[in-house]
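A predicted structure for the sequence below; I have some questions about it.
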Amino acid sequence: MHFHELTPMLWVPDVKQTITFYTDVLGFTADNYSEEWHWATISRNTVVFMLAAPNEHMPYDGPKFTGSFYIRVDAVDTMWNDIKDKVEIVYPIGNFDYGMREFAIRDNNGFMLQFGQEITVIK
């Protein structure tokens, strides 16, 4: 059996507001949106998220995901410079001993997003 992809479903209080954040700030595209279902998909290249508003089966009182979404990019410094003044920063851009140059932010719902690019570490 082959697993093909992982598409996180983010439960958010306002789907339209979240679409706006991801498209305007992070450069994603809104691929599908259903006002009736309070559901959407957004993507940038091969990174895809589904968004859904809470319902009677899944009440919402803030993000419950305890980790982060780590997105590998090929121009992390450009990404940092483009968004650093528009977002809540968790930690600024820097080089790490494990071979990544990265930074982390919070989206408009409080989910942590990390953006990283592989670098050569000289030991």
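Happy to help now that I have it. Numbers count the residues shown, from 1 in each chain.

what about residue 68, how many residues nearby?
Residue 68 is flanked by 14 other residues according to other CB atoms under 10 Å. C-beta coordinates here come from the backbone N, C-alpha and C atoms, glycine included.

for it, give me the pLDDT.
Looking at residue 68, its pLDDT reads 95.

pull the contacting residues for the nearest residue to it once chain neighbours are set aside.
Nearest residue to residue 68, sequence neighbours excluded (CB to CB, 6 or more residues apart in numbering): residue 112, at 3.9 Å. Listed by CB atoms under 8 Å, 6 or more residues apart in numbering, the contact partners of residue 112 are 67, 68, 69, 90, 104, 105, 106.

out of those residues, who's nearest residue 25?
Nearest to residue 25 among the contacts of residue 112: residue 105, at 9.0 Å, using CB to CB.

hmm, the closest one is touching residue 92, no?
No - look at residue 105 against residue 92 with CB atoms under 8 Å: they stay out of range, at 9.9 Å.

of those two, who's got more company?
A count of neighbours by other CB under 10 Å puts residue 105 above the other of residue 105 and residue 92, at 23 against 11.
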